[in-house]
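Peer 1: Here you go, sequence then predicted model.
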Amino acid sequence: MVGRMGCVFSTIEDNHIHHINNMMELGGAEISGIKLHAAIDVLIRRNHIHHNTMGIWLDWEAQGARITQNLLHDNDVPEGSIKLEGGMESQDIFIEVGHGPTLIDNNILLSRYGLRLATEGVAVVHNLILGSTTVVGAGTDWEVDGRSQRRYTPYHIRHRTEVAGMMTILHGDNRFYNNIFVQYYQVDNNESKESPYYQVVGNHVWDEYPTYDEWIARFDMDVEKPDMDKLAVPHFDHLPIWANGNAYLMGAKAWKKETDKFVDADTEVTVELVEKDGFYELETNIYEILGDYSNGIITSDILGKAFEPEQRFEERDESDIIFNVDFYGNHRGVSTIPGPLAK
């Protein structure tokens, strides 16, 4: 499924999308189960997406886009296939060169590479993620005539298509709440977190990024005559990260600044997707490992606004989102647990 601008305000739901480009007959960009440019206020919900070279790819202007209640697995280059020159790497969800707000919530992501976030302004809430987060702080600039050139991409008037401005990607401005990260796949390379093949799971990839308080303090907001040379450094630096209430299992690594988290590096995790009479069940011991750990309900007020467009993480009609409904549509209690399931 592919769209460019014409996909704005669309709803893509209840589809079975599978075995796309398995022979690698097409190389270069744009090959994915769902590939959209300018997914403004697009809702991608309750889809089963598997055995594609990529799962979902939102490129440019994913402003107001929401990816929710989807099952993604086995989205990788098929074993034995020949990867064509210019081909793009594989993952469940790829958000590229946007400014947000882009919302990824209540999904089950089971592929080796879970998220590719060459972008900013993303909220990741109540997901189960077995794969790594890749291309962190990279993938947004171009090498032109031997020099690295910043890419300027548009952001829009809130919930409209008119362009409000153009801006480069500073990276960061991301939120991670109430997810489960599992180091399910063995790490078999030494790639850096900027690489599409980075394999260590968890939010540790944002360790060098500031909290909001650390970030805003560098701008000397209360100084009557600020030093402009001093302010130039944070002006071009990474945007802040928020993370809380996440669970990290079997060696998945937490963000070093996250205070409320659950970590169990020792207990072996089992996760098996089983088909029964055309329906899928997840057989896992994850919720036994979590025990009594719980956290709070996430809302639009907690997520706040994406930095560049100054737009809230909210519904398309500008109403609040309260994340009290899980992958199946079941309601969470006042006290909830990490991951896409209410219980």
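Peer 2: Nice, thanks for sending it over.
Peer 1: Would you map the strands across the stretch 151-300 of the chain?
Peer 2: Taking DSSP state E, counting those that start in this stretch, the strands of the stretch 151-300 of the chain run over residues 153-156, 163-167, 174-177, 180-182, 241-244, 246-249, 261-264, 271-276, 279-284, 295-296.
Peer 1: Just the residues contacting the first one, thanks.
Peer 2: It stands for strand 153-156. 40, 60-61, 63, 97-99, 162-167, 169, 308-309 (CB atoms under 8 Å, 6 or more residues apart in numbering). (Each C-beta comes from the backbone N, C-alpha and C, glycine too.)
Peer 1: ok, back up a step: kindly reformat the strands of the stretch 151-300 of the chain as CSV containing mean pLDDT, distance to G339 and mean neighbour count.
Peer 2: Putting the strands of the stretch 151-300 of the chain into CSV (pLDDT from 0 to 100; distance: least, CB to CB, whole Å; neighbours: other CB atoms under 10 Å) gives the following:
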stretch, mean pLDDT, distance to G339, mean neighbour count
strand 153-156, 98, 31, 20
strand 163-167, 97, 34, 14
strand 174-177, 98, 11, 25
strand 180-182, 98, 4, 28
strand 241-244, 98, 14, 22
strand 246-249, 98, 7, 26
strand 261-264, 98, 11, 18
strand 271-276, 94, 11, 11
strand 279-284, 93, 10, 12
strand 295-296, 94, 11, 17
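Peer 1: I108 is nearest to which of the ones you listed?
Peer 2: I108 sits nearest to strand 279-284 of all these, at 6.8 Å, using CB to CB.
Peer 1: quick one, that closest one and strand 271-276 angle?
Peer 2: Here strand 279-284 runs at an angle of 150 degrees relative to strand 271-276 (axes from the mean of the first three to the mean of the last three CA atoms, to 10 degrees).
Peer 1: Name every strand pairing with strand 279-284 and say which way it goes.
Peer 2: If you go by DSSP bridges, strand 279-284 pairs up with strand 271-276 (antiparallel).
Peer 1: Just the CA trace of the strand it pairs with, in CSV.
Peer 2: Extracted in CSV, the C-alpha atoms of strand 271-276 (Å, rounded to 0.1, in the frame of the first residue of the first chain):
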residue,chain,number,x,y,z
VAL,A,271,7.7,-15.7,23.0
GLU,A,272,5.9,-17.8,20.3
LEU,A,273,3.3,-16.7,17.9
VAL,A,274,0.9,-19.6,17.3
GLU,A,275,-1.8,-19.8,14.7
LYS,A,276,-5.0,-21.6,15.8
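Peer 1: quick check, distance from it to the centre of its chain.
Peer 2: Relative to the centre of its chain, strand 271-276 is centred 24 Å away, using CA atoms, centre = their mean, to the nearest Å.
Peer 1: swap in stretch 184-201?
Peer 2: The answer for stretch 184-201 is 16 Å, by CA atoms, centre = their mean.
Peer 1: quick one: average pLDDT of that stretch?
Peer 2: Throughout stretch 184-201, pLDDT has a mean value of 96.
Peer 1: in it, what counts as buried?
Peer 2: Neighbour-count burial for stretch 184-201 flags Y184, Y185, K193, S195, P196, Y197, Y198, Q199, V200, V201 (criterion: 16 or more other CB atoms under 10 Å).
Peer 1: show me what contacts T259?
Peer 2: Counted by CB under 8 Å, 6+ apart, T259 has contacts N244.
Peer 1: low pLDDT regions in the stretch 1-150 of the chain?
Peer 2: Applying pLDDT under 70 to the stretch 1-150 of the chain picks out residues 28, 85, 87.
Peer 1: In the stretch 201-343 of the chain, mark out all the helices, start to finish.
Peer 2: 212-217, 228-235, 286-290, 300-303 (DSSP state H, counting those that start in this stretch).
Peer 1: Mean neighbour count and distance to T68 for these - can I get that in JSON lines?
Peer 2: Output for the helices of the stretch 201-343 of the chain, formatted as JSON lines (neighbours: other CB atoms under 10 Å; distance: least, CB to CB, whole Å):
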{"stretch": "helix 212-217", "mean neighbour count": "13", "distance to T68": "25"}
{"stretch": "helix 228-235", "mean neighbour count": "11", "distance to T68": "33"}
{"stretch": "helix 286-290", "mean neighbour count": "16", "distance to T68": "20"}
{"stretch": "helix 300-303", "mean neighbour count": "18", "distance to T68": "14"}
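Peer 1: Output the ones you listed as JSON lines; include the columns mean pLDDT and distance to G80.
Peer 2: As requested, the helices of the stretch 201-343 of the chain are arranged in JSON lines below (pLDDT from 0 to 100; distance: least, CB to CB, whole Å):
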{"stretch": "helix 212-217", "mean pLDDT": "97", "distance to G80": "46"}
{"stretch": "helix 228-235", "mean pLDDT": "92", "distance to G80": "48"}
{"stretch": "helix 286-290", "mean pLDDT": "96", "distance to G80": "31"}
{"stretch": "helix 300-303", "mean pLDDT": "98", "distance to G80": "42"}
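Peer 1: Thanks a lot, see you next time.
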